[in-house]
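# structure here, sequence nowhere to be found:
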């Protein structure tokens, strides 16, 4: 029997996170794949989750960015501070690390836009207005996810630059 909850509704939103919003070990905040990836998965074990609670994870290892699938798109990511209406109809993407402590690199926005979000927008017939930040829809008004240094306008600008027609 699977521990994952299955999605039964249409995908309407893409929600952007950073991994620290869910996994708060101090090691997950260090900008190094040596720490981040290991602690992301050890936190999954500590919280007794079937897998990472994001559909996709963007991780920088050395000088290159990688996209990892956290859980299948047919499964739900469940965040207690997000309305079930959003949880049931969203794809959740996490940037590994904490963007409360470091500035998001231009290349991060490019990779996120070109390699992932634009194809999801096309696949699910969404427009960029359907991209949300975790902090914008959270019940927790002190939440900063995906971080104080994450610039949604920079992301949208890159999405429009790389739009798939």
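It's in. Everything numeric in this text was worked out from a predicted model, so none of it was measured.
# confidence-wise, which helix or strand of the protein is lowest on average?
For the chain, counting by mean pLDDT, DSSP states H and E, helix 33-46 ranks last in confidence among helices and strands (a mean of 54).
# show the subsequent helix or strand relative to that helix.
Proceeding N to C from helix 33-46, the next assigned helix or strand is strand 56-61, under DSSP states H and E.
# give me the buried positions along the helix or strand just after that following strand.
Downstream of strand 56-61, the next assigned helix or strand under DSSP H and E is strand 64-69. By 16 or more other Cβ atoms under 10 Å, the buried positions in strand 64-69 come out as residue 65. For the C-beta atoms, the positions are set from N, CA and C on the backbone; glycine is no exception.
# cool, stretch 95-109 as well?
With burial defined by 16+ other Cβ under 10 Å, the residues of stretch 95-109 counted as buried are 95, 96, 97, 98, 99, 100, 104, 108, 109.
# can you pull the phi/psi pair for the first one?
Spelled out, it's residue 95. Note on residue 95: backbone dihedrals following degrees, to the nearest 10 are phi -90, psi 120.
# can you give me the pLDDT of it?
Residue 95 is assigned 89 on the pLDDT scale.
# roughly how far does it sit from residue 128?
Using Cβ to Cβ, to the nearest Å, residue 95 is found at 17 Å from residue 128.
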